[in-house]
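Asker: Sequence first, predicted coordinates after that:
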Amino acid sequence: MNRPLLEVRNLQTHFLTSMGAIRAVDDVSFALQRGEVLGLVGESGSGKTITGYSILGVVDEPGQIVGGEIVLRDAEDREVVLNHLGEKQLRRLRGNRIAMIMQDPMMSLNPSLRIGTQLVETVLAHRQVSRSEAERRAVDVMRRVGIPDPEQRIQAFPHEFSGGMRQRIAIAIALINEPDLIIADEPTTALDVTTQVQILVEVQKLARDTGTAWIWITHDLAVVAGLAQHVAVMYAGKVVEFGATEDLLDHPRHPYTRGLIASIPGEGELASGRRLHQIPGNTPSLLNLPEGCAFRTRCDRAGAQCDIQPMLETSPAGNRALRCWHPLEGQSP
Ligand SMILES: Nc1ncnc2c1ncn2[C@@H]1O[C@H](COP(=O)(O)OP(=O)(O)OP(=O)(O)O)[C@@H](O)[C@H]1O
């Protein structure tokens, strides 16, 4: 097997506030192969976005990467450690080898510029091609993300598109330079279900066709079920379970993963309006978290040992990882 495109090793990103350190990302590790989609899943505040920002090098003050390594490899297997690069080098990578799609597409679109101009400028900033070649690429990528009539629509401004179409344009801007990696932060969450499903189907196809790897951030396990090959489940700044999507959904071993799965609406709940299972309790404050497993206060399997922080244990084949003293039955990690 090829060495991974991206390896995040023991990443720690903390916000050093006057109240103390907020450990937003605390010992996060995972790997991603070229062309693969990884779902990064967890409740609000679990550290998913800050993990994405850390990879891109855009964590705001007082946030800081205080430990670990983020390794990116190129096609010739050369490594760069992203968190050792300066801002100038990182800027060269962003929009080129790594791109991000935000939940709100207007964060990546300039409201006063035509869509075509924004796409063309993204190409010209990183590729030495003619303007007419950049325009050809712009029309082509618009078509690939499912925007009808791209030759005409390229002249329009962002406000002339619906929310779903704007999000497709944000995806087009991320894709246009054929990056190695796209980090997508809940890009479909604000859209209606039909548009959400259409975009997820398009992205599945794009991921297959382009060789770009994706990290798809979401609080909703159902979103990644048909999209991602692997899933990393985060809780309170830590990855608590990692595995191949089907295996993880069919055989969750962490009680938190089981809780997330139970809160996915099935057809029965949707039809009857029956209340969904909710994980009892609230997510803990990340400010000066006490020692031990952060989920223990909400966990029906917690015991005395859980006062000590469990390590993330990886299976010998490397395809499953788990951070729990009292996991559910299944193959050992
Ligand atoms: N600018 C900031 N200053 C201080 N703390 C911050 C800042 N940004 C994020 N955090 C902390 O980092 C934690 C993780 O935030 P993050 O945005 O990564 O969560 P998330 O899992 O992406 O949640 P959501 O789904 O709500 O976006 C937050 O709970 C918060 O405590």
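Answerer: Thanks, I have the structure now.
Asker: Looking at the stretch 151-300 of the chain, what residue ends up closest to the ligand?
Answerer: Going by CB to the nearest ligand atom, the ligand is nearest to residue 286 of the stretch 151-300 of the chain, at 4.6 Å. All C-beta atoms are positioned from the backbone trio N, CA, C, and that covers glycine.
Asker: meant to ask about the stretch 51-200 of the chain
Answerer: residue 60 (5.4 Å).
Asker: near the ligand, which residues of the stretch 201-333 of the chain?
Answerer: 219, 286 (CB under 6 Å from any ligand atom).
Asker: Return the residues in contact with the residue of the stretch 151-300 of the chain closest to the ligand.
Answerer: Neighbouring residues of residue 286 by CB atoms under 8 Å, 6 or more residues apart in numbering: 22, 23, 24, 45, 47, 236, 237.
Asker: Distance to residue 248 and pLDDT added to these, as TSV?
Answerer: Supplementary listing: the contacts of residue 286 in TSV, determined by distance: CB to CB, whole Å; pLDDT from 0 to 100:
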residue	distance to residue 248	pLDDT
22	28	94
23	25	94
24	23	96
45	22	91
47	19	96
236	19	95
237	20	96
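Asker: Out of these, who's the most crowded?
Answerer: Counting neighbours by other CB atoms under 10 Å, residue 237 comes out on top of the contacts of residue 286 with 27 neighbours.
Asker: From what I see, that residue and residue 43 are in contact.
Answerer: No: taking contacts as CB atoms under 8 Å, residue 237 lies outside contact range of residue 43: 11.8 Å.
Asker: Tell me how many other residues crowd residue 80.
Answerer: Close neighbours of residue 80, defined as other CB under 10 Å, add up to 16.
Asker: Report the contact partners of the closest residue to the residue of the stretch 51-200 of the chain closest to the ligand other than its chain neighbours.
Answerer: With sequence-adjacent residues excluded and distances taken as CB to CB, 6 or more residues apart in numbering, residue 60 is closest to residue 53, at 7.9 Å. Listed by CB under 8 Å, 6+ apart, the contact set of residue 53 reads 13, 59, 60, 63.
Asker: For the residue of the stretch 51-200 of the chain closest to the ligand, give its distance to residue 198.
Answerer: Applying CB to CB, to the nearest Å, the value for residue 60 to residue 198 is 33 Å.
Asker: higher neighbour count, those two?
Answerer: Taking neighbours as other CB under 10 Å, residue 60 and residue 198 compare with residue 198 leading, 16 against 9.
Asker: For the strand or helix carrying the more buried one, give the mean pLDDT please.
Answerer: Element membership of residue 198, judged by DSSP states H and E, is helix 193-210. Average pLDDT, helix 193-210: 84.
Asker: List the buried residues of that helix.
Answerer: 195, 196, 198, 199, 200, 203, 206, 207 (16 or more other CB atoms under 10 Å).
Asker: now the angle between helix 193-210 and the helix or strand that comes right after that helix, please.
Answerer: Counting by DSSP H and E, the next helix or strand C-terminal to helix 193-210 is strand 213-218. Here the directions of strand 213-218 and helix 193-210 differ by 160 degrees (axes from the mean of the first three to the mean of the last three CA atoms, to 10 degrees).
Asker: Strand 213-218 packs against which elements?
Answerer: strand 37-41, helix 48-56, strand 181-185, helix 193-210, helix 221-225 (3 or more CB pairs under 8 Å, 6 or more residues apart in numbering; DSSP states H and E).
Asker: Let's have these in TSV, adding distance to residue 84.
Answerer: What follows is those, written out as TSV (distance: least, CB to CB, whole Å):
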stretch	distance to residue 84
strand 37-41	23
helix 48-56	13
strand 181-185	17
helix 193-210	28
helix 221-225	30
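Asker: still on that earlier bit, dump the contacts of residue 53 into CSV; add distance to residue 230 and pLDDT as well.
Answerer: Output for the contacts of residue 53, formatted as CSV (distance: CB to CB, whole Å; pLDDT from 0 to 100):
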residue, distance to residue 230, pLDDT
13, 21, 98
59, 24, 96
60, 28, 94
63, 26, 96
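Asker: Drop anything exposed from these.
Answerer: 13, 59, 63.
Asker: Relative to residue 322, which of those residues is nearest.
Answerer: residue 13 (22.4 Å; CB to CB).
Asker: Next secondary structure element downstream of the worst-scoring helix or strand of the chain on mean pLDDT?
Answerer: Taking mean pLDDT, DSSP states H and E as the measure, helix 267-272 is the helix or strand of the chain with the lowest mean score, a mean of 55. Heading C-terminal from helix 267-272, the first helix or strand you meet, by DSSP H and E, is strand 313-314.
Asker: In the sheet, which strands lie alongside that next one, parallel or antiparallel?
Answerer: strand 320-322 (antiparallel) (DSSP bridges).
Asker: Tell me the buried residues in the partner strand?
Answerer: Neighbour counts over strand 320-322 (16+ other CB under 10 Å) mark 320, 321, 322 as buried.
Asker: wait, the second one sits on residue 243?
Answerer: Yes: proximity of residue 321 to residue 243 meets the contact threshold set by CB under 8 Å, at 7.3 Å.
Asker: hang on, the earlier thing: what is the most widely separated pair among the contacts of residue 53?
Answerer: 13 and 60 (10.8 Å).
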